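K.L.:
below is the sequence, then the predicted model.
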Amino acid sequence: MPMIPYGRQSIDEDDVAAVVDVLNSDFLTQGPTVERFESAIARRTGAPGAVASNSATSSLHVAYAALGCGPGDRVWTTPITFVATANAALYCGAEVDFIDVEPETACLQVSDLADRLVRARADDCLPKVVAPVHFTGHPCDMEEIAALANEFGFYVVEDAAHAFGASINNEPVGSCQFSDACVFSFHPVKILTTGEGGAATAREPELLAKMKRLVSHGISRDPALISSNDEGPWYYEQMELGFNYRMTDIHAALGLSQMDRVDTFIEKRRALVARYEMLLADIDVIRSPIDKLTSSSWHLYVIRIPGGAGRRRVVFERLRARGLGVQVHYIPVHLQPFYQARGFSEGDFPNAEKYYAGAISLPLYPDLTTAQQDEVITILKEELAAL
Ligand SMILES: *Cc1c(COP(=O)(O)O)cnc(C)c1O
């Protein structure tokens, strides 16, 4: 019996044809398809522009860098995220700190952020950037975070790796209504895929232009930016130290084709979540509030097993043994050995640690059939009853 994974891509014949078209075209990279994909992201999110890259990790790095993060600066995020949200700040030479999460949603706890900001102002160590993570696709309280950004003077970069297609007050995540930049991931388990890939949106044209330069060596050909225009048509200038973080046209073609089905993907995810909610209603697990059923993109469906980490481990191992590719999102970043060596320790962020101790992500992806979902529920019920 093959594993039912916790997440996987949905690929159709149009996707395959779109990729083959690029393979048969003149440009495999630096051709026209990346810009078409960027325009499609901008249209879908309502942002004035988007900058594609080879991963969300790269997009986080260029977003932080373009906002001026460097040595002596601080980036704050939450521990319930993938390590990349924090690592990208270290790539800039900045320092990382964490804000605890809400116990129910594992999204940034605004009250904790506000307390920490007051203390940081007194100690003259305010963050340059706060990076809230729309964990599972559930949007953070961006209006309140934006109000704090205004009061305390920091930039906001949304880690929306889970949240393509999610919305806040009926506006798409990525419009940057309440942030300076917003980053998406197109890894195969995420809402839409390019294989590997990411993108950042922003409202400020200068920030977009800077991120665009940083994904390609810091080089510009824009006559308005370069100092010397009379050398010849080949001329470009390196304006800052950038990277080769470019997305290829092959990847962009897949993303562009997938974009046509984003709404369908999310509708299917929502329908499956509604079904999980119904079928798990009488089971002894903790479910997150789903008041944001229609504003979340539902990248993940996380249940929490009460009774502590030992009990969660038993359930997890039994589900895996029965062919369910369940996963845990996430090991709190501050507990990684690398971050513990930088001064963090157990007990620093109790809500995050408590969430982690119970969490199991159940299978959720557009092509999960209701028969497979029933199998997940049956196995889960049996294993919980056998505890
Ligand atoms: C997947 C993910 C990333 C990294 O995305 P890549 O495209 O794999 O680099 C960053 N943050 C979060 C919350 C993620 O889930």
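P.N.:
Structure received.

K.L.:
buried residues in stretch 302-314?
P.N.:
For stretch 302-314, a neighbour-count test (16 or more other CB atoms under 10 Å) marks 302-305, 312 as buried. All C-beta spots, glycine's among them, are computed from the backbone N, C-alpha and C.

K.L.:
and that stretch, end to end?
P.N.:
Using CA to CA, to the nearest Å, the gap from the first to the last residue of stretch 302-314 comes to 17 Å.

K.L.:
kindly report the same for stretch 356-368.
P.N.:
25 Å.

K.L.:
can that stretch be found next to the ligand?
P.N.:
No. No part of stretch 356-368 sits close enough to the ligand to count as contact by CB under 6 Å from any ligand atom; the gap is at least 11.3 Å.

K.L.:
mean confidence (pLDDT) on that stretch, please.
P.N.:
Taken as a whole, stretch 356-368 carries a mean pLDDT of 98.

K.L.:
ok, stretch 210-218 next?
P.N.:
Here stretch 210-218 scores 97 as its mean pLDDT.

K.L.:
renumber starting at 24 from here on
P.N.:
Done: numbering now begins at 24, and the last item shifts to stretch 233-241.

K.L.:
any idea how far that stretch is from the chain center?
P.N.:
Mean C-alpha position of stretch 233-241 versus that of the full chain (CA atoms, centre = their mean, to the nearest Å) differs by 21 Å.

K.L.:
for it, what is the spacing between the initial and final residues?
P.N.:
Taking CA to CA, the first and last residues of stretch 233-241 lie 8 Å apart.

K.L.:
which residue sits closest to the residue minimising distance to the centre of the chain, ignoring its sequence neighbours?
P.N.:
If you average the C-alpha coordinates of the chain and look for the closest C-alpha using CA atoms, centre = their mean, you land on A184, 1.6 Å from that point. Once its chain neighbours are removed from consideration, A184 has its nearest residue in S208; the separation is 3.7 Å (CB to CB, 6 or more residues apart in numbering).

K.L.:
contacting residues for the one you found?
P.N.:
S208 makes contact with 78-79, 184-185, 220-221 under the criterion CB atoms under 8 Å, 6 or more residues apart in numbering.

K.L.:
I'd assumed V206 was in contact with the residue nearest to the centre of the chain.
P.N.:
Yes. Using CB atoms under 8 Å, A184 and V206 qualify as a contacting pair, with a distance of 6.7 Å.

K.L.:
quick check: neighbours shared by the two?
P.N.:
Contact with both A184 and V206 is made by residues 79, 221, according to CB under 8 Å, 6+ apart.

K.L.:
the buried residues of stretch 325-337 in strands, which ones?
P.N.:
Taking DSSP state E as the definition of strands, those contribute 325-327.

K.L.:
beta partners of S76?
P.N.:
According to DSSP bridges, the residues that bridge with S76 are G221.

K.L.:
what's the local residue count around it?
P.N.:
For S76, the count of nearby residues is 32 (other CB atoms under 10 Å).

K.L.:
please tell me how far it sits from P195.
P.N.:
As for S76, its distance to P195 is 20 Å (criterion: CB to CB, to the nearest Å).

K.L.:
the contacts of S208: which ones sit near the ligand?
P.N.:
Checked against the ligand using CB under 6 Å from any ligand atom, those yield the following neighbours: 78-79, 184-185, 221.

K.L.:
and which of the residues you listed is nearest T100?
P.N.:
Proximity of the ones next to the ligand among the contacts of S208 to T100 was ranked by CB to CB; the top entry is A184 with 11.9 Å.

K.L.:
now do the contacts for H322.
P.N.:
Listed by CB under 8 Å, 6+ apart, the contact set of H322 reads 30, 159-160, 184-186, 212-214, 292, 387.

K.L.:
give me the distance between the two termini of stretch 296-308.
P.N.:
By CA to CA, one end of stretch 296-308 lies 15 Å from the other end.

K.L.:
swap that for stretch 307-317, please
P.N.:
The distance separating the two terminal residues of stretch 307-317, taken as CA to CA, comes to 25 Å.
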